[in-house]
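[1] mind looking at a prediction? Sequence and model below.
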Amino acid sequence: MWPAGFNTVFFQVRGSYDAFYLSSLEPWSALLSGTLGQDPGWDPLAVAVEAGHAQGLQVHAYINVFPFWQGSSPPPESTPRHALLDHPAWLVADGSGVPMALNPSYVFASPGNPEVQARVAAVAADIAENYDVDGIHLDYIRYPGSGYSHDATSDARFASEGGGLSWGDWQREQVKATVAGVSEAVGVPVTAAVWGIYEDAWGWRTSQGNLDYYQDSRAFLAEGLLDANIPMIYWPVTDIPGERLDFRTLVADHVAHGAGRHVYAGLGGEGVSTDQALSCIRAAREEGAYGVVLFDYSLFAADLFRFRDEVFQEDARAPDMPWR
């Protein structure tokens, strides 16, 4: 265990179909050198694994699943070539079949395209086979919103293979199939960052993972598709229990639907102070979460030893995670 009391690092290695590791499938990220595809002269994932293991930390490779590219201009030529240049049909499309336009934020690849699902599994397998990682962590394992994706492949597959499912349920099946494909492709634990609110059962008028993003995170666990959910509950414990976005209420809801698998409470975010994060950790334990995941290091780096001194020394459970 690291001296600050943590036992695991989720180290991001894929942002938008690029790589922070030596990949034969996708180009080096431009964030490393300023140029997409340019070898930076070092391997961030290899360094992270070696340094993390030397500190007694597990290191899980964290990949963005469906974000396809970020920026208003298309990716430049590189080796390997970026997938958006070779496979523009992988883009999600709106209800009129118009592909999602490039913009300063992410555009998404379509979960309903089997080639996209296969690429995600291949990326995970490539990492697990070539690096001594302790797990694969999935982020953005969802559609970008309820208005997507009527790309040509998804529409054709739904028409021929829908089998009586509603459009929404068919899309949920595509996200689940992607999760399952990753778990089948690797021999290490697989976790996912999931929407903090599965469905708004409290009348809070907020976004819902299952309904707005076709992310049936309860099924991820109930159907044994992955080893743990990490709900992104980036709000504090409210003064009055059950108030809007109450951390404790949401943790309890996710734990209640854990189906015997692990639920790690994701906490933090820019709107949560260190004092509030410490209160969230105590609440997560009281509500039965197996552990907590703090997002992210940069926000709490100055206070890490407060976590050790004030909450982690209270945790008598072994630091290692008994996964699959």
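    In hand now; what should we look at?

[2] distance check, A124 against F6.
    24 Å (Cβ to Cβ, to the nearest Å). Yep, even glycine has a C-beta here, placed from its N, CA and C like the rest.

[3] and those two? which has more neighbours close in?
    Using other Cβ atoms under 10 Å, the more surrounded residue of A124 and F6 is A124, with 26 against 21.

[4] gap between the helix or strand that one falls within and the chain center?
    Taking DSSP states H and E as the definition, A124 sits inside helix 114-130. From the chain centre to the centre of helix 114-130 is a distance of 15 Å (Cα atoms, centre = their mean, to the nearest Å).

[5] beta partners of the residue nearest to the spatial centre of the chain?
    Nearest to the centroid of the C-alpha atoms of the chain, with distances taken as Cα atoms, centre = their mean, sits D139, at 1.6 Å. Applying DSSP bridges to D139 gives these bridge partners: N64.

[6] so it touches V65, yeah?
    Yes. Between D139 and V65 there is a contact under Cβ atoms under 8 Å: 6.7 Å.

[7] distance from stretch 120-132 to the middle of the chain?
    16 Å.

[8] again with stretch 16-36
    The chain centre lies 19 Å from the centre of stretch 16-36; the measure is Cα atoms, centre = their mean.

[9] which other residues reach it?
    Stretch 16-36 is contacted from outside by 12-15, 37-40, 43-46, 61, 64, 67-70, 75-76, 78-84, 106, 109, 119, 122-123, 126-127, 130-131, using Cβ atoms under 8 Å, 6 or more residues apart in numbering.

[10] give the buried residues for it.
    16-21, 23, 26-30, 32, 36 (16 or more other Cβ atoms under 10 Å).

[11] P88: which of the residues you listed is nearest?
    Of all the buried residues of stretch 16-36, Y17 has the smallest distance to P88: 12.3 Å, by Cβ to Cβ.

[12] just the element for the closest one, please.
    Going by DSSP H and E, Y17 is not part of any helix or strand.

[13] who's in contact with the closest residue to it other than its chain neighbours?
    Spatial nearest neighbour of Y17, chain neighbours left out: A83 (4.9 Å); criterion: Cβ to Cβ, 6 or more residues apart in numbering. Counting by Cβ under 8 Å, 6+ apart, A83 touches Y17, E26, F68, W90, A109, R119.
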